[in-house]
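> My questions are about this predicted structure, shown below with the sequence.
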Amino acid sequence: GEKIGRFLLGKKLVFCLEGDLGSGKTTFVKGVARGLGISEEVRSPTFVMLKEYGAGDEKLVHVDAYRLGDDFEDIGLDDYFDQAIVMIEWANNIGGLLPEGTVKVGFEHLSENERQLCFWVVDSNMFNNIKGVVTNG
C-alpha cells in the first residue's frame, strides 16, 4: 500500500477494494496513507461511512460502503472523485455509480500473514504504472 501511495502523490483516482472481512483492505489504505505522507491514524470508517485524511494533493478519502446502499448520494461521495484519492471498501454495493477509470483491487486472505492482491485497471497506461510500482517498488 505504501508503494502505491507514493505513486499516487498528486493524482486523483478512485479505488474499489473488495474482499472478505480481514482480507487486508483497511491495512492497504493505511499503507497508501503512509505513502502519501499522511500522519493521521487511519481507521476503518465502518460506522461513519466516510473519513477524510490529509489535504490538498495528498487528500485521501476512505469509504466503507457496506451499509451505504442508496445513501451514496446523501454523503456526497461523488464530489470527491476528482478532488482526492478515494478508497472504497465494499464498493460492489455502489458499483454502477463509480467513475470511469476506477481501479478495482481484489484481496484474498491466503494465511494469517499473507494476502494476494489482484488489480483490475481499464486504462492501459495506469495499469503499466501500477504494475511497475507493485513489482519494482
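Arrived safely, thanks for sending. Numbers count the residues shown, from 1 in each chain.
> hey, where'd the strands end up in this structure?
14-18, 50-53, 60-64, 85-89, 103-111, 114-120 (DSSP state E).
> ranking the ones you listed by mean pLDDT, which is last?
Sorting those by mean pLDDT places strand 114-120 lowest, at a mean of 86.
> My read is that I85 contacts V32, right?
Yes - assessed by Cβ atoms under 8 Å, I85 is found in contact with V32 at 7.1 Å. Glycine gets a C-beta too; all of them are placed from N, C-alpha and C.
> Need the residues touching each of the two.
L8, L60 (Cβ atoms under 8 Å, 6 or more residues apart in numbering).
> As a check, name the ranges of all helices in this structure.
2-7, 25-35, 124-136 (DSSP state H).
> Pull the second one out as PDB, backbone CA atoms only.
If I follow you right, that is helix 25-35. Extracted C-alpha coordinates of helix 25-35, given in PDB (Å, rounded to 0.1, in the frame of the first residue of the first chain):
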ATOM      1  CA  LYS A  25      -8.500  -3.700   2.800                       C
ATOM      2  CA  THR A  26      -8.000  -1.200   5.700                       C
ATOM      3  CA  THR A  27      -4.400  -2.300   6.200                       C
ATOM      4  CA  PHE A  28      -3.800  -1.400   2.500                       C
ATOM      5  CA  VAL A  29      -5.400   2.000   2.900                       C
ATOM      6  CA  LYS A  30      -3.200   2.600   5.900                       C
ATOM      7  CA  GLY A  31      -0.200   1.900   3.700                       C
ATOM      8  CA  VAL A  32      -1.400   4.200   1.000                       C
ATOM      9  CA  ALA A  33      -1.800   7.000   3.600                       C
ATOM     10  CA  ARG A  34       1.800   6.500   4.800                       C
ATOM     11  CA  GLY A  35       3.000   6.600   1.200                       C
END
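> now it, how far from the centre of its chain.
Relative to the centre of its chain, helix 25-35 is centred 8 Å away, using Cα atoms, centre = their mean, to the nearest Å.
> Would you indicate which residues of it are buried?
By neighbour count with 16 or more other Cβ atoms under 10 Å, helix 25-35 contains the buried residues K25, T26, F28, V29, K30, G31, V32, A33, G35.
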